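J.: Provide a 3D model corresponding to the input given below.
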Amino acid sequence: MDKLKRARRLKAMLTQIAPGPLETVARPTSPPPVTEGVSPPQALEALRSPETTTSAIDSGLQKLAQDRHEELHAHELFALEAIVMPHNRPVVFVRGQSYDNVEHPWEALNGTDVKSRLSALFPSIGRIEVPNSPLVPYAGTGFLVGEGLLITNRHVAQIFSQGLGLTISYRAGDAAVDFKRQVDTPGDDHTAYFQVTGVEMIHPYWDMALLKVDGLSGIAPLRLSIKSPEELVGRNIVGIGYPARDPRSDVDVQDRIFGRVYNVKRFQPGTVRERGKIQSFETLVNALTHDASTLGGNSGTGIIDVETGEVVALHFAGEYLKANYAVPMYELARDKRLAPKLNFDKPPPPPAPTTDFDAAWVSVDSEAAAHRSTPATSPGGPARAQSPAPTGSRPISVGVQSGGGSTAAPGPGRASWTIPLEISISIGRSSGPSLQSNALQLDVGLPQEAEAGLEAVIVDQDYSDREGYDPAFLEGISVPLPRLSGAMQKDTAEVEQESRKRDDAFELTYYHYSVYMNKARRTAWFSAANVDGDRRPNIGKRSGDRWYSDPRIDKSAQLGQNAFEHGIDRGHLTRREDTAWGDDVDEATKANNDTFHFTNCSLQASPFNRGKDRWQGLEQFLLEKHAKKEGRRITVITGPPFDARDPVYQNEHMDYSVRCPLQFWKVCVLIRERDGKPSATGFILGQEDIKDLPGFEAVFDVGATQIKIEDLEERTGLDFGELKSFDHFAAGGAPGSLEMPGLTGVKRVKPIRAPADMVI
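T.: Residues are numbered from 1 along each chain as shown. The predicted model follows:
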């Protein structure tokens, strides 16, 4: 997030929390408290001088009040964020049957009556464990809402179960709940640990689910409010959950709020705000919003009215310095399928029923009926699902942040491709040792996106320093991004206004590359990269994948981890090796990691993805043998030629379908070594017959073919501008070229079996 966007959001948040004008917002009167036995984060040093802090706060508030956002200095932004969080929206530990005292302006929460009322709820709020997953410490938060029923988020439940509505597959033992896991709980204390015996329901409209837990005698369900969100605006609330550290977002900000202690039960005060709409899975929902400080791991946290002790909402997502989003209990009380199961306060008349959710229920009921009429089995027992992402979530909040789900190890599942016949692929279950989490700073946090693993790829999701693709990267020639037709623009995802570069509504900028997204296909029209063959510091061996959604465009315009499973890879468009260059290791590593965005990948069959990686041999050959030696560089633009006949793909974990591209093209532009003139070369490779490609031991895939850029324009609808003038294959051809039928006639292509086959 750039400085101006942060400043605007800070002003909006400060305006909300100040009792009067901006200048009246509560200030810290002493240095931030230090958790016993835990060293303070280095970032807190800036707050150790009250004089400096007061000065920075005063000057920062004055600039915001006068709309001089662009004049804010970094230390003023830091100081202003510090009075929002952790001062005005703090977090404190739950210890035993109470919680730590809260400082001004929340000292009213320290009263005996309030503490007694809220502390009585703690035994019913637990951390949802995933004992069979070696990848994550836990899945999120949940709390009792009925006899033997625990409520949490849909995106949490789908880590260890599969299905929607009332037809759910779950393998006993894959989930549990621990109602302690506090900062003072011994690691071997399992006195409040219970197995999840089943999944009662996963709501098809709201991000919520009900889990079955046995043996809970003596633990009472929480009382649920039927007050509407409109009635609750301005009420003080607390979230009680298990925030987890997220290494992808600003860890200094997180450590500043949470004192470097994560994964344990926290007490997080805030206020209810006006309702807000947010995309949740495939639905735009009208959620309750609040501004408590939350992180991933708070998924499934109960939002509790301080005055009554009743749960008013179920937290599921949020945006930094903007708002948290939660499912209103009021709305769940209006669902006739759900309300009888839950512990709603009975004396007042219940809210009027609604038909808002009926379409979603009808849809899942129809699917369940279809499955019952055509049963399918999978070896090894019921299928387990990977987690769809909590749509609309962001890394850390100000009170704000996404709920967090995480991924489970791959389990048995089926991938269905409609071609038009259906082929089902069953895969075996992967199990691993139980993972015990440490209360102190686990960097294996709970990400916003379900992933294949939590390895070393870290992406800073403040995109303000991403300049993207450089059209003037090559000496003596400008290579602008391909142009879209008017019809294509209508199907292109627009970047949020505050994140646009160069006034381009469609360009998603990253380190050394840019992307235009086809929102209808959830895959890029193209990804364009600048490749520097000389500035390549050694960044070490690749240690694993970790993929990110891009918050600058709608989630519905991107693929998510739920689309990928065994046999279906996340295939890079711009290869990570292409961008992994820079003046030092840090720059090259950031650029390498930045390619791990879902905006830069496509559905690819595993054999094709691994075969397509051999395109790096083609690019490396062009760099070493044909590019000008003084500053060896190449520009590479890659994408799929979308075809209406591409097969439809939807696996059992997806709540949307998407067509899978069967071919991929690449245009390489360089300054030739032999004469210093530009050369533009087009290639195309298909995955529809990848299984038949021989010769994987060769330097190049025999499936790669050279094609005229003019023909690529016809196939893709893109306009490559002047590049056609530098296409030497189109100008002269070469022995060995052949004719291939295309969508609009016969196209001349040339198989690439060896370096000598290419026309440069």
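
J.: surely Thr599 meets Pro551?
T.: No: assessed by Cβ atoms under 8 Å, Thr599 is found out of contact with Pro551, at 10.8 Å. Where you see a C-beta, it was placed from the backbone N, CA and C, and this is true even at glycine.

J.: So these two - more neighbours on which side?
T.: Thr599 (25 against 20; other Cβ atoms under 10 Å).

J.: That one - that's part of a helix, no?
T.: Yes: the assignment for Thr599 (DSSP: H, G, I helix; E, B strand; the rest coil) places it in a helix.

J.: what about it, distance to Ala287?
T.: Going from Thr599 to Ala287 by Cβ to Cβ, to the nearest Å gives 25 Å.

J.: again with Ala244
T.: From Ala244 to Ala287 the distance is 22 Å (Cβ to Cβ).

J.: what do you get for Val196?
T.: 26 Å.

J.: The two: who's more crowded?
T.: Ala287 (28 against 25).

J.: show me what contacts the more buried one?
T.: Arg275, Gly276, Lys277, Ile278, Ser280, Ala313, Phe316, Tyr325, Ala326, Val327, Pro328 (Cβ atoms under 8 Å, 6 or more residues apart in numbering).

J.: Apply the buried test to these and list what passes.
T.: Neighbour counting with 16 or more other Cβ atoms under 10 Å marks Arg275, Gly276, Ile278, Ser280, Ala313, Phe316, Tyr325, Ala326, Val327, Pro328 as buried within the contacts of Ala287.

J.: So which residues of the stretch 101-250 of the chain form strands?
T.: Secondary structure of the stretch 101-250 of the chain (DSSP state E, counting those that start in this stretch): strands at 125-129, 140-146, 149-152, 161-164, 167-170, 176-178, 193-202, 209-213, 236-241.

J.: Quick one, which of the ones you listed gets closest to Ser556.
T.: strand 161-164 (17.6 Å; Cβ to Cβ).

J.: Run the chain-centre distance for the closest one.
T.: Centre-to-centre, strand 161-164 and its host chain are 20 Å apart (Cα atoms, centre = their mean, to the nearest Å).

J.: Among the buried ones among the contacts of Ala287, which ones are in helices?
T.: Within these, no residue falls in helices by DSSP state H.

J.: I'd say Ala209 and Phe160 touch.
T.: No: the criterion here is Cβ under 8 Å, and Ala209 misses it with Phe160 at 10.5 Å.

J.: Next, the distance between the ends of stretch 547-562.
T.: 12 Å (Cα to Cα, to the nearest Å).

J.: Apart from its chain neighbours, what residue comes closest to Asn364?
T.: Careful, residue 364 is Val and not Asn. Gly165 (3.6 Å; Cβ to Cβ, 6 or more residues apart in numbering).

J.: next one: Ile240
T.: Counting by Cβ to Cβ, 6+ apart, the residue nearest Ile240 is Ile125, at 5.1 Å.

J.: Can you give me the pLDDT of the one you found?
T.: The model reports Ile125 with a pLDDT of 97.

J.: Please tell me how far it sits from Arg256.
T.: 25 Å.

J.: And Ile240, by the same measure?
T.: Ile240 is 21 Å from Arg256, by Cβ to Cβ.

J.: that older thread, could I get the buried ones among the contacts of Ala287 as CSV with pLDDT and distance to Thr152?
T.: Below are those laid out as CSV (pLDDT from 0 to 100; distance: Cβ to Cβ, whole Å):
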residue, pLDDT, distance to Thr152
Arg275, 93, 22
Gly276, 89, 21
Ile278, 86, 18
Ser280, 84, 15
Ala313, 96, 13
Phe316, 91, 9
Tyr325, 91, 15
Ala326, 94, 13
Val327, 96, 11
Pro328, 96, 16
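
J.: ok, of those, which one's closest to Ala108?
T.: Ala313 (21.2 Å).

J.: How about that closest one, nearest residue that isn't a chain neighbour?
T.: Ala326 (3.5 Å).

J.: what do you get for Leu508?
T.: Using Cβ to Cβ, 6+ apart, the closest residue to Leu508 is Val515 (4.5 Å).

J.: list the contacts for that neighbour?
T.: Applying Cβ under 8 Å, 6+ apart, the residues near Val515 are Glu507, Leu508, Ala524, Phe526, Ser527, Ala528, Leu573, Thr574, His597, Thr599, Asn600.

J.: Now with 6 Å, please.
T.: If a contact means Cβ atoms under 6 Å, 6 or more residues apart in numbering, then Val515 has Leu508, Ala524, Ser527, Thr599, Asn600 as its contacts.

J.: Tell me the spacing between it and Ile637.
T.: On the measure of Cβ to Cβ, Val515 and Ile637 end up 11 Å apart.

J.: And stretch 111-122, what's buried?
T.: Val114, Lys115, Leu118, Ser119, Leu121, Phe122.

J.: And stretch 13-22, by the same measure?
T.: Met13, Leu14, Gln16, Ile17, Ala18, Leu22.

J.: As CSV, could you dump the C-alpha coordinates of that stretch?
T.: Extracted C-alpha coordinates of stretch 13-22, given in CSV (Å, rounded to 0.1, in the frame of the first residue of the first chain):
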residue,chain,number,x,y,z
MET,A,13,-9.9,5.3,10.9
LEU,A,14,-8.8,8.1,13.3
THR,A,15,-12.0,10.0,12.5
GLN,A,16,-14.0,6.9,13.5
ILE,A,17,-12.2,6.3,16.8
ALA,A,18,-11.7,9.9,17.9
PRO,A,19,-14.4,11.2,20.4
GLY,A,20,-14.4,14.6,18.7
PRO,A,21,-12.0,16.2,16.1
LEU,A,22,-9.0,14.3,15.0
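
J.: Just checking: what are the partner strands of whichever strand or helix holds Gln268?
T.: Element membership for Gln268 (DSSP states H and E) is strand 266-280. According to DSSP bridges, strand 266-280 has the following sheet partners: strand 92-95 (antiparallel), strand 236-241 (antiparallel), strand 283-290 (antiparallel).

J.: closest to Thr716 out of those?
T.: Among the strands paired with strand 266-280, strand 283-290 comes nearest to Thr716, with 31.4 Å by Cβ to Cβ.

J.: Just the CA trace of the closest one, in PDB.
T.: C-alpha atoms of strand 283-290 as PDB (Å, rounded to 0.1, in the frame of the first residue of the first chain):
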ATOM      1  CA  THR A 283     -21.400 -14.000  -3.300                       C
ATOM      2  CA  LEU A 284     -21.400 -10.200  -2.500                       C
ATOM      3  CA  VAL A 285     -22.500 -10.300   1.100                       C
ATOM      4  CA  ASN A 286     -23.700  -7.400   3.400                       C
ATOM      5  CA  ALA A 287     -21.600  -8.000   6.500                       C
ATOM      6  CA  LEU A 288     -21.300  -6.500   9.900                       C
ATOM      7  CA  THR A 289     -18.100  -4.500  10.200                       C
ATOM      8  CA  HIS A 290     -15.900  -3.900  13.200                       C
END
